[in-house]
Every structure is written in C-alpha cells, then in structure tokens.
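K.L.:
how does the following fold in three dimensions:
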Amino acid sequence: MRSLEIIDLATMPYADALRMQLALASSVQADPSEPGRILLVEHDPPVITLGRRGRRDSILVSDERLSSLGVEVHRIRRGGDATAHCRGQLVVYPILHLDRMGIRLRGFISALEQTVIRMMSRLGLRGEVRDGLTGVWSGDDGGKVASIGIAVSKRVTYHGLAVNVSGSMDTFDLIVPCGLRGCKAVSLSQLLDAEVSMDRAKDLLVESMCEVLDAEVANVA
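P.N.:
Next up, the predicted model:
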C-alpha cells in the first residue's frame, strides 16, 4: 500500500506555500525513498492565481481594486485559467511521483475529482464531474465546489486541488473562474446550510483520498 505523509500548514501566504511545494518536489524527484506528501493549507491573504492559460482579462477588476481588497495575484505554472484562494477554502497540494504511485496524469486528476465526490458523499451531498471540464460541481444546485490545476516536473506533481468549505465566496466574484463565464462557486457549508469546520473537512479529505489512491497515512506533521 502506498504511503502518504500529511503536512498541515494551517494558514499560510500563497508564496510561502509555493516555495515549500517546489522544495518538496525537488526532494521527491531526487530520492526514491521519499514518501508522497500532501500539503493542506488555507491561504491568507486572499490570492488569485493565473495558470498557463490564464489571461489578465480573466480578472474582472482593476489592480487598484485588488490592492484595496488586499488580494494578491500570482502567475503560476499549473494547468488551467484563473482561480481564487481565500480563508474557508481547503487547498490541497499533492507532491507525488506518478510512476511510484503507478498512475498516469489523467488518472491522477480523475482521482482528485473522485476524492472530492467521496468527501461530499460522506456529508450527504452529491458531487459530479462534467464532460470536458476539470473539477467537481454540486449535483444539487450546480455550483462549483472544487477546482483542480496540476503541474508536473520530472513526473512529480505539484499545485493541486481547492475545495470550498465555508465562509464567503466573494473572491470568486473578482474573476471568471477557470475561464467559465457564469460559473458559480459554492461551499460545502452553503450546500448543507450548516457550518463544516476546516478540521472536519481535512479529515474527510484525507480519508477519501487514501481510499481513492489505495494509500495509508504514514505521518501527520
């Protein structure tokens, strides 16, 4: 059975988490004995990231407006267009060697989608995927619950998955999420009409991911 080390970063600025991802990815690339690592984090201050297909016109407000709101913008190397990260969103960065995990990239992305669907099912919610699109939507109200954007370097994954857990989704109003006009972001708490704690969301996410990847938790840091 595959081993995953879970690293809970609590709350961290985006740039700091990215530096950690890159350092861990280099370590996994260099050492076959390194376990896969899953970083869990909430980003504060709020941030908009533009992936390889992202353009400035995916951001709907001026730089001055972003500055007044305290929202950072980062251009990054993951796939996809624009997305947003803020408090109340569980961001998951899997640092995994695809060959050692015995999985192809498309299969890995599907595994992340299935992880969220199982997580939602544990809460009594119905998640679904859509043909030709990456991510997970609510099967009940049609809102987007989770976004996925992956980068791979020397067969090691970084960047990853963001699940809307609680709090305001207002940051998404500043962008065209994933390049999909009219796409509505929705949180697990909104769908349940009851608060889902971040600790519970992390537990459900890890449990679901281990099931999907046929893995076990080696360590929690």
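
K.L.:
okay, and the beta partners of the residue most central in space within the chain?
P.N.:
Residue closest to the mean C-alpha point of the chain, counted by C-alpha atoms, centre = their mean, is Leu161 at 1.8 Å. Partner residues in beta bridges with Leu161, using DSSP bridges, are Val92, Ile148.

K.L.:
sec struct for the residue of the chain positioned farthest from its centre, please.
P.N.:
The outermost residue of the chain, judged against the average C-alpha position, is Glu64 (27.1 Å), by C-alpha atoms, centre = their mean. Under DSSP: H, G, I helix; E, B strand; the rest coil, the three-state class of Glu64 is helix.

K.L.:
can you check Leu9 too?
P.N.:
Remark: Leu9 carries the secondary structure label strand [criterion: three-state DSSP].

K.L.:
buried residues in the helix or strand bottoming out on mean pLDDT in the chain?
P.N.:
Lowest by mean pLDDT, DSSP states H and E among the helices and strands of the chain is strand 215-220, with a mean of 81. For strand 215-220, burial by neighbour count (16 or more other C-beta atoms under 10 Å) applies to Ala215. Using the backbone N, CA and C atoms, a C-beta is placed for each residue, glycine as well.

K.L.:
what packs against that strand?
P.N.:
strand 2-12, helix 198-213 (3 or more C-beta pairs under 8 Å, 6 or more residues apart in numbering; DSSP states H and E).

K.L.:
strands of this protein, residue ranges please.
P.N.:
For the chain, the strands defined by DSSP state E occupy 2-12, 36-43, 47-50, 72-75, 82-85, 89-95, 127-128, 136-138, 144-153, 156-164, 215-220.

K.L.:
in CSV, list those strands along with distance to Asp170.
P.N.:
Below are the strands of the chain laid out as CSV (distance: least, C-beta to C-beta, whole Å):
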stretch, distance to Asp170
strand 2-12, 18
strand 36-43, 15
strand 47-50, 12
strand 72-75, 15
strand 82-85, 9
strand 89-95, 12
strand 127-128, 23
strand 136-138, 18
strand 144-153, 15
strand 156-164, 12
strand 215-220, 32
